[in-house]
Every structure is written in structure tokens, then in C-alpha cells.
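J.: pasting the structure only:
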């Protein structure tokens, strides 16, 4: 069965510092992988996704993620954090033959000035 | 704005009652998904409809049901409500199957007293 593990329910960084949010998945076949962001009292917005092709995926707001099959990971990074990046981030997977998203438990990112 | 609308935004009701949550997908999207977000369970997939037909079922209780109408809007019916049903319910839509981005609505916050 598919599952997603997000290491660290809370991550705090200083403005301008590197952001690294970790995501590992468990799947018997290569899945589709997604990162969503949720701002307070809002719905989820897609940051980026990996389906096939290039393993380094660039998304919105300067975020990117790299699919590493050997490590079953899809970590999210941003070189320089901005105050507006403070939000909750969810990693999700789906399989090629199903559309439902399986979400991780989320990581709350705090950015300090 | 994702283009997915959900009504109502907030719903407060009592145990044992029945409520209906409504979702209008993005124009042209045939798939509608329902997710539940709660503090103890996180984000969980409930059910998916594709062009009026049920396509996939997740952790949806028997007290819950959904349908998708010919105009593609969807309704999630929750009956015999319990305190534990208090959660944020999201609707999402996508244009085609597997791997495509799901666009999320702003959610309906249900409070059961």
C-alpha cells in the first residue's frame, strides 16, 4: 500500500535561509508525487509535481523538489526563505492507475525575521 | 482562486443531524474528489466521481454519501452526525485521470456540537 512520511511536523528557519522539507514515500511502483501548500484558512495549492521525465522539478514561488527513486524521496527545497513562505506543506502521492491523493501529515514552516 | 467553489463556508450543527456540502468543479473538469481534514486523521481521501459515476472510494463512512450531477457539481451528504465528524471538508477537481493536478476548493468547515 502507498504511504507518505513527512519528517518533522514543524520546521523553523530564518528569512533568507535554506528551506528543506522532507518527504519519503512507500510504493511498489513509481508513483506520481506532489507538494501542496496550505495557507491559514485556505485550501490547498499545488507547488509542484513529478509524473515522468526530469527528476528535478521546479515549482512556483522558487520551490523545487528532486525525485530520488533509490531513496524513495521527494524532498522540497527553496534556497532562500521569505516570510510569505510560512504555511503548512503537504507531500502527496498517487499511482498511475488511480487518482486519489495519499497525503503526508504535513510540515508547518515558520520563517523568522 | 482555484476555480473550485464550495458552499457553505461554515456549518454548525448538532449531533444526529444531516447536512449537505456542495461543490462546483472548475469549468471543464470531469473529476470531483472529496477529502476530509481533521487534527487527528490529517487529510484523507473520501470519494471520487468522474463524469457522474463513482470511480474510487477511500475512508468514507457508511453514514456519508456523495453524488455528482449532470452539470458536474457534486454534493457530499453527511448523516447521523457525531462530534468526531467535525472537520474541514475539501472538494477538488481535475480534468483527466491519473497524474493530473487536483485543484482544491476553499473548504467547508463543519462543527458538530
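T.: Perfect, thanks for sending it. Just so it is clear, the model here is predicted, and its values are computed rather than measured.

J.: nearest spatial neighbour of the residue of chain A most remote from its centre, skipping sequence neighbours?
T.: The outermost residue of chain A, judged against the average C-alpha position, is residue A:113 (23.0 Å), by C-alpha atoms, centre = their mean. Leaving out its chain neighbours, the residue that sits closest to residue A:113 by C-beta to C-beta, 6 or more residues apart in numbering or on different chains is residue A:15, at 5.4 Å. For glycine as for every other residue, the C-beta is placed from the backbone atoms N, C-alpha and C.

J.: then residue A:86?
T.: That would be residue A:111: by C-beta to C-beta, 6+ apart, it lies 4.8 Å from residue A:86.

J.: ok, which stretches of chain A are strands?
T.: Using DSSP state E, the strands of chain A run over residues A:3-5, A:10-14, A:19-21, A:24-26, A:32-38, A:44-50, A:56-58, A:64-68, A:73-78, A:87-94, A:102-103, A:107-112.

J.: please apply the same query to chain B.
T.: For chain B, the strands defined by DSSP E cover B:5-7, B:10-13, B:19-24, B:31-38, B:42-50, B:53-57, B:64-68, B:74-78, B:87-94, B:103-104, B:108-112.

J.: in a markdown table: these, plus distance to residue A:30, mean neighbour count and mean pLDDT.
T.: Listed next are those as a markdown table, based on distance: least, C-beta to C-beta, whole Å; neighbours: other C-beta atoms under 10 Å in any protein chain shown; pLDDT from 0 to 100:
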| stretch | distance to residue A:30 | mean neighbour count | mean pLDDT |
| --- | --- | --- | --- |
| strand B:5-7 | 32 | 16 | 97 |
| strand B:10-13 | 40 | 14 | 97 |
| strand B:19-24 | 31 | 19 | 98 |
| strand B:31-38 | 22 | 24 | 95 |
| strand B:42-50 | 20 | 21 | 94 |
| strand B:53-57 | 20 | 13 | 92 |
| strand B:64-68 | 30 | 19 | 97 |
| strand B:74-78 | 30 | 20 | 98 |
| strand B:87-94 | 20 | 24 | 96 |
| strand B:103-104 | 24 | 22 | 94 |
| strand B:108-112 | 34 | 18 | 97 |
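
J.: columns distance to chain A on top of those, output as a markdown table?
T.: Below are those laid out as a markdown table (distance: least, C-beta to the nearest C-beta, whole Å):
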| stretch | distance to chain A |
| --- | --- |
| strand B:5-7 | 8 |
| strand B:10-13 | 11 |
| strand B:19-24 | 11 |
| strand B:31-38 | 6 |
| strand B:42-50 | 4 |
| strand B:53-57 | 5 |
| strand B:64-68 | 14 |
| strand B:74-78 | 14 |
| strand B:87-94 | 6 |
| strand B:103-104 | 4 |
| strand B:108-112 | 9 |
